[in-house]
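Asks: build me a model from this:
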Amino acid sequence: SYSYVLLSNLVEWYSIMYGVKISTQIGRYRGFLPNCLGLNRNLTVHHALNTIKGVHEDHVKGRYHKEEPTFKNFQEFLDGFKRLRGEFKLLATEAKELLQSDPFVLVRHGEIFYVWKFDGKNDDLKNWIVTSDSDHCEGYSVGKLELSQAGKGLFSGTLSTVVPKDGIVRTAGYSNITTIRPTKSFQRDAFHEWHDFNHLVLRVRGDGRTYLLNLKCQGYYDILWNDSYHYVLHTRGGPYWQMTKIPFSKFAMGSKGKAQDTQPIIDLDSITQFGITVCDKINGPFSLEIDYIGLEYDESHTEKTAYELYKSSPIITGV
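Replies: Predicted coordinates for the structure are as follows:
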């Protein structure tokens, strides 16, 4: 890893000294470059989307990062101490669960385990974040998540593919809802542990559009921050609810919106967030009502991955 960091610094120094922006395909630590440096081949290769300076990311949110707010007055500083009580309670609960070492409840065939369910309570909305291209001045789409008249989650808004005339943005037209990453006590990052299941189950009522389901698997290193698995959700439209059951083996891996040449099997214990995106390039209103999002174990499903991989040069695919 020291060799890789050294090479990264040299590339960035070269770009600064000579005013050259390095445009390259950054491997996911599995390609030609790691082989030359003797790095661990258990990590995979990403392809950079844009011309960049250097070979690393400064922040997990990339260019969308905003400076964290600082304490404006002493009262806000004191309010932080008030939250410590709840954090210590959560820590005690975690310690108790660790000492008990109780396994997960028995997972039976065909039984649905609800992860996110809308029961008509406003607290159900606190677990979600809504973003659109208009939030970053990259388009004119808007979206919102609220409770419907039936008390279910309603993801709605207007999609616009009109590109701002700023000379920078080239494509536009998306809106997204994403869950907040689970945390342990003292705001430590955690993961969803879904290894006992092999299907994602949704009960939704759509408008006939096609939506994109996202399973984010944010890794430790910056090159793994944008790892995600995707699959499409086709909605019928009309007044009736639909049940959708998708095997995890069907999800395809991507990074920053680009499908990867290598398609590793999804690690169901490394999922950090779940999201739904509308980006079908059709202008106009959209509406997706959500009852619940859950998991299911189907004992008849044994497929690990639906995508066949072919042997090719490590320089091309990074395998």
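Asks: what average pLDDT does the helix or strand harbouring residue 201 get?
Replies: Taking DSSP states H and E as the criterion, residue 201 maps to strand 199-205. Strand 199-205 comes out with an average pLDDT of 97.
Asks: starting at the chain centroid, how far to stretch 287-295?
Replies: In terms of CA atoms, centre = their mean, to the nearest Å, the centre of stretch 287-295 is set 17 Å apart from its chain centre.
Asks: next one: stretch 130-138
Replies: Distance, stretch centre to chain centre, for stretch 130-138: 17 Å (CA atoms, centre = their mean).
Asks: contacting residues around it?
Replies: Stretch 130-138 is contacted from outside by 64, 139-145, 155, 157, 164, 166, 169, 172-178, using CB atoms under 8 Å, 6 or more residues apart in numbering. Yep, even glycine has a C-beta here, placed from its N, CA and C like the rest.
Asks: now, which of these lie within strands?
Replies: By the criterion of DSSP state E, membership of these in strands covers 142-145, 155, 157, 175-178.
Asks: how about the CA coordinates for the strand holding residue 201, as PDB?
Replies: C-alpha atoms of strand 199-205 as PDB (Å, rounded to 0.1, in the frame of the first residue of the first chain):
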ATOM      1  CA  HIS A 199     -34.400 -12.000  -2.200                       C
ATOM      2  CA  LEU A 200     -35.400  -8.300  -1.900                       C
ATOM      3  CA  VAL A 201     -39.200  -7.900  -1.700                       C
ATOM      4  CA  LEU A 202     -41.100  -4.700  -2.300                       C
ATOM      5  CA  ARG A 203     -44.800  -3.900  -2.200                       C
ATOM      6  CA  VAL A 204     -45.300  -0.700  -4.300                       C
ATOM      7  CA  ARG A 205     -47.800   1.100  -6.400                       C
END
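Asks: okay, and for the stretch 101-250 of the chain, where does confidence drop off?
Replies: 102-105 (pLDDT under 70).
Asks: quick one, helices of the chain?
Replies: 2-18, 32-37, 74-82, 84-100, 314-317 (DSSP state H).
Asks: rank those helices by mean pLDDT and give me the bottom one.
Replies: Across these, helix 32-37 gives the lowest mean pLDDT, at a mean of 38.
Asks: of the ones in strands among the contacts of stretch 130-138, grab the buried ones for ChimeraX.
Replies: Buried members of the ones in strands among the contacts of stretch 130-138, defined by 16 or more other CB atoms under 10 Å, are picked up in ChimeraX with:
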select :142,143,145,155,157,175,176,177,178
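Asks: adding distance to residue 245, write the ones in strands among the contacts of stretch 130-138 out as CSV.
Replies: As requested, those are exported to CSV (distance: CB to CB, whole Å):
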residue, distance to residue 245
142, 31
143, 26
144, 28
145, 23
155, 20
157, 27
175, 25
176, 23
177, 21
178, 22
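Asks: skipping its backbone neighbours, what lies nearest the spatially most central residue of the chain in space?
Replies: Centroid check for the chain by CA atoms, centre = their mean gives residue 216 as the closest residue, at 2.8 Å. Nearest residue to residue 216, sequence neighbours excluded (CB to CB, 6 or more residues apart in numbering): residue 273, at 4.2 Å.
Asks: okay, now the one you found: neighbour count?
Replies: Neighbour count for residue 273, taken as other CB atoms under 10 Å: 18.
Asks: which residues does it contact?
Replies: For residue 273, the contacting residues are 178-181, 214-216, 218, by CB under 8 Å, 6+ apart.
Asks: among those residues, which one has the most neighbours?
Replies: Going by other CB under 10 Å, residue 215 tops the contacts of residue 273 with 23 neighbours.
Asks: what sits against it?
Replies: Contacts for residue 215 (CB under 8 Å, 6+ apart) come out as 228-230, 248, 251, 266, 271, 273-274.
Asks: try residue 115
Replies: 192, 274, 292-295.
Asks: redo those residues as CSV? Include neighbour count and distance to residue 60.
Replies: Listed next are these as CSV, based on neighbours: other CB atoms under 10 Å; distance: CB to CB, whole Å:
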residue, neighbour count, distance to residue 60
192, 19, 18
274, 19, 17
292, 17, 29
293, 21, 24
294, 19, 28
295, 20, 26
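Asks: nearest to residue 109, of these?
Replies: Nearest to residue 109 out of the contacts of residue 115 is residue 295 (CB to CB; 12.8 Å).
Asks: give me the spatial nearest neighbour of the closest one, chain neighbours excluded.
Replies: residue 197 (3.9 Å).
Asks: so how far is residue 96 from that neighbour?
Replies: Using CB to CB, to the nearest Å, we find residue 197 at a distance of 25 Å from residue 96.
Asks: can you check residue 238 too?
Replies: When residue 238 is compared with residue 96 (using CB to CB), they lie 48 Å apart.
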